[in-house]
Structures are given as structure tokens and as C-alpha cells.
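My questions concern the predicted model and sequence given below.
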Amino acid sequence: MIVPFVWMVLTSVKSLAESTAVPLAVLPSEWRWSNYAEVLRVLPFGSFYLNSLINVAVRTTGLLLLSSLSAYAFARLRFPGRDVLFVLVLSVMMIPPEVLLIPQYQIMAGLGWLNSLQAVIAPGLFSALATFLLRQFFAGIPYEIEEAARIDGAGTLRVYWSIMLPMAAPGLIAAGVLKTLHAWNELLWPLVVNDSPSKLTLPAGLAFMKDENFTNFPLQMAGAVMAVLPVVVMFIVLQKYVVRGFVAAGGVK
């Protein structure tokens, strides 16, 4: 997995001629760090970064809140049709995302949200995977803890907020990291609902660096390096929590 990343970094500091030469040169004859400055000059990279940060922050926060609420209901509350409804939620994972593009686009158009960050964010506020992961966490918490809280006078929301969420922290971190990576790297949906450069996220903005007849590979790789560095650092720092979250959700104590 490290080889493609190293190749991307090396290509980002090559000249255009070197990047397309045959045979390929592994190391550049001249390290052109100016390619990074050129990317910042030709693209509104700051705007792309800001849009991506807003998209990730709102989507991840909203998704964790909604998914944890639904997961708590599926794991701890008893109501008619609970198990059937949970199976229906899980079945969403078997639907290819491309199938939902046209219906979601029509909904965004009907709401008047095209060419806005709302259109990028809204469909990502639900995740069947996050709901399943957190439901497994909540189901594994001993009922005695919840019963003790209720004896002390805690209601359902208080139990959820003060007892369940802190105990499900590994699951929240795992789901949050995975959905942050997905939101940060998403390309197709932002391109479908946006054609305004001021509303594009990083992957969608980088797609504008190529056209039908010409692609400047070093500049494109320089932009990709700047786009991927934040998520690489985040994953390296938090990967142990992701593993711990999935292990605990799988029932391994």
C-alpha cells in the first residue's frame, strides 16, 4: 500500500516530460517543489479545503448522532417490528450507491439545494454500517448498568447520553474515522450535484485539473498529495481505535 503513495509523491515533483517518459524514471532529475505552489495558483485550493472540512465535520457529527440514536433504539428499546426494521436498515448496505444517484439528485433539485454544500452533506447523514456497529456495542453493555441508572431516576435520553455513549466511545471513534475517510474522499456525488467551483470539495476540485486532451500529471499528483495528507495522518493516529472498535463490535472481549 505504501508504493502507490511513494510513487504519487515522486511524480508530484517531476517535470511533465519526466512523468510521461518511457522508460519511467523512478527519481526525478530535478525536484520541482514549485509544482505545489503552481497547484495553489491555478486552483482555489483553500476553498476546496474549507468545503471538505465543513462537509466532513457536519456529516460525521450528524451521522454519529443519528446512527447512535437509532442503534440505541434497536439494541435497548422494545417496540413492535424492531427486528424487521433493523434488517431493513442493514439491507441498505446491499444497494449500490450508484442506484440512488438519480433519486437523490431529484430530491436535492426539488429542495432547491443544487450547487450547495447542503446537497453534498444531506445524503451522508445516515449510515447503515455505523448503525450496525454501534448497535453491537450497545447490545454488549450489561443491562445492570442501565437498570442502576434508571433506579437513580435517569430517563431514556439520560441513559443514552450519560451512560451508553461514553461506554461506546471505541465504536463512535471507529465509525467516525471510517465515515470521515469516506466523506473526505467522495468524488462522484459532489460532481453530480455541483458545477460551481466555489462549492466543490477536494476530490471534485482535483478532477478539474484534467480535460479531454491534456493532463498535467505532476500537478495532479501534487494536488492529490496535499489532499490525502490529512486523512493519512488521521488514520495513522487513530487506526488502533478503529481496530478496537471492530473487535469489540464483533463480540471479542
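Nice, thanks for sending it over.

How much space separates the residue of the chain most remote from its centre from Glu144?
The outermost residue of the chain, judged by C-alpha distance from the chain's mean C-alpha position using Cα atoms, centre = their mean, is Ile151 at 39.2 Å. From Ile151 over to Glu144 the distance is 10 Å, taken as Cβ to Cβ, to the nearest Å. Just so you know, the C-beta spots here come from the backbone N, C-alpha and C atoms, and that holds for glycine as well.

One more: Ala73?
Relative to Glu144, Ala73 is positioned 20 Å away (criterion: Cβ to Cβ).

neighbour-wise, which of the two wins?
Just comparing Ala73 and Glu144: by other Cβ atoms under 10 Å the higher neighbour count belongs to Ala73, 19 against 8.

ok, that one - contacts?
Residues in contact with Ala73, defined by Cβ atoms under 8 Å, 6 or more residues apart in numbering, are 79, 82.

likewise Val26?
By Cβ under 8 Å, 6+ apart, the contact set of Val26 is Leu10.

Where does it sit: helix, strand or coil?
Reducing the assignment at Val26 to three states with DSSP: H, G, I helix; E, B strand; the rest coil gives coil.

going forward, begin numbering at 21 instead of 1
With 21 as the first residue, the last one maps to Val46.

Do you know the pLDDT at it?
At Val46 the predicted local distance difference test score is 85.

Ok, Leu120 next?
Per-residue confidence (pLDDT) for Leu120: 90.

Name the nearest residue to it, ignoring sequence neighbours.
Take Leu120 and drop its neighbours on the chain: the residue closest to it by Cβ to Cβ, 6 or more residues apart in numbering is Pro143, 7.5 Å away.

that's a helix at the one you found, yeah?
Yes - note on Pro143: a helix contains this position according to three-state DSSP.

Do I have it right that it meets Leu208?
No - because the distance of 11.5 Å does not satisfy Cβ atoms under 8 Å, Pro143 is recorded as not touching Leu208.

Which of the two has more residues huddled nearby?
Taking Pro143 and Leu208 together and counting by other Cβ under 10 Å, Pro143 has the greater number of neighbours (19 against 13).

who are the neighbours in contact with that one?
120, 124, 209.

Please work out how many residues are found near the first one.
Pointing back at Leu120 there. Neighbours of Leu120 under the rule other Cβ under 10 Å: 14.

got it, and Ala195?
With other Cβ under 10 Å as criterion, Ala195 counts 29.

Can you tell me the closest non-neighbouring residue to it?
For Ala195, the spatially nearest residue (Cβ to Cβ, 6+ apart) is Ala150, at 4.0 Å.

Give me the three-state assignment for that neighbour.
Under the three-state scheme (three-state DSSP), the conformation of Ala150 reads as helix.

quick one: it and Val245, what's the gap?
Relative to Val245, and taking Cβ to Cβ, Ala150 is found at 29 Å.

what about these two, which has more around it?
The neighbour count for Ala150 versus Val245, taken as other Cβ under 10 Å, is higher for Ala150 (24 against 19).

For that one, list the residues it contacts.
Taking Cβ under 8 Å, 6+ apart, one finds 83-84, 87, 91, 195, 198-199 in contact with Ala150.
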